[in-house]
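> What shape does this take:
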Amino acid sequence: MDITFAIVRAENADYLCHHANGIYVDVSNPMRTFVAGEDKFRLIEPDRSLERKEYRFRGQNCYLVPRFYANGWLALLLQSVEDESEYIVLSVNLEEMDALGLPDRTFIDVNHYPDAMAFLSANGLATDSGYKRRSGFVEYPMVMLNLALIYQHFPKTFQEADIDCF
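So this is what the prediction gives:
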């Protein structure tokens with residue numbers, strides 16, 4: 001069964017929501033809901049031009065292609081425009097527990113890609129949360145993801161999200 005997603009704009013922020021029975025539920029925070037006639041919000045049409053938007057990273061043109069790790073946490077990949085079989089993974093999965101819903105955060109691989117944080121911030125894809133987790137000799141920063149924007153790059157991937165509990 002396909003999940004029905006919607007982008008909700010409320011209080012100058014965009015939220016990626018799961019839509020069911022007239023209620024829009026924030027996929028990363030199920031305590032945040034939007035109900036027509038009760039809450040002040042509007043639906044935003046996805047920008048389909050983002051599905052093949054080219055970014056420049058380390059001198060190469062690439063597409064943002066989100067995926068999911070086996071435990072349900074979001075992975076951020078950049079796929080080469082020239083050779084779509086080549087890609088790099090900007091995120092690192094440091095979570096031991098399975099994701100609940102669709103988390104709006106991930107850790108960034110600054111060990112292999114020290115410029116990844118600047119890239120994600122400059123393109124509005126993520127913001128630094130200020131939290132870091134050590135693994136080995138490296139402290140990986142956690143970012144808050146702009147799920148509504150990332151979703152628009154590759155909506156099909158989000159059908160793989162495990163948000164049945166909503």
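
> For the residue nearest the centre of the chain, which non-adjacent residue is spatially closest?
Taking C-alpha atoms, centre = their mean as the criterion, residue 147 is the residue nearest the geometric centre of the chain, at 3.9 Å. Excluding the flanking residues, the one nearest residue 147 by C-beta to C-beta, 6 or more residues apart in numbering is residue 16, at 4.1 Å. The C-beta positions use only the backbone N, C-alpha and C, and glycine is treated the same way.

> Name the helix or strand for that neighbour, please.
strand 13-20 (DSSP states H and E).

> Name the residues of that strand that are buried.
Of the residues in strand 13-20, 14-19 count as buried by neighbour count, 16 or more other C-beta atoms under 10 Å.

> before we move on, back to that, bridged to the residue nearest to residue 147, which residues?
residue 7 (DSSP bridges).

> Next one: it from residue 104, what distance?
For residue 16, the distance to residue 104 equals 8 Å [C-beta to C-beta, to the nearest Å].

> on that earlier part again, give the contact list for the residue nearest to the centre of the chain.
Listed by C-beta atoms under 8 Å, 6 or more residues apart in numbering, the contact set of residue 147 reads 15-16, 27-28, 102, 104.

> What are the buried residues along stretch 148-166?
Under 16+ other C-beta under 10 Å, the buried positions of stretch 148-166 are 148-154, 157-158, 161, 163, 166.

> Number of residues surrounding residue 117?
Per other C-beta atoms under 10 Å, the neighbour tally for residue 117 reads 18.

> Not counting sequence-adjacent ones, nearest residue to it?
Of all residues not flanking residue 117 in the chain, residue 108 sits nearest, at 5.7 Å (C-beta to C-beta, 6+ apart).

> Report the rounded mean pLDDT for the helix or strand that contains residue 65.
Here residue 65 sits within strand 60-68, counting by DSSP H and E. For strand 60-68, mean pLDDT is 95.
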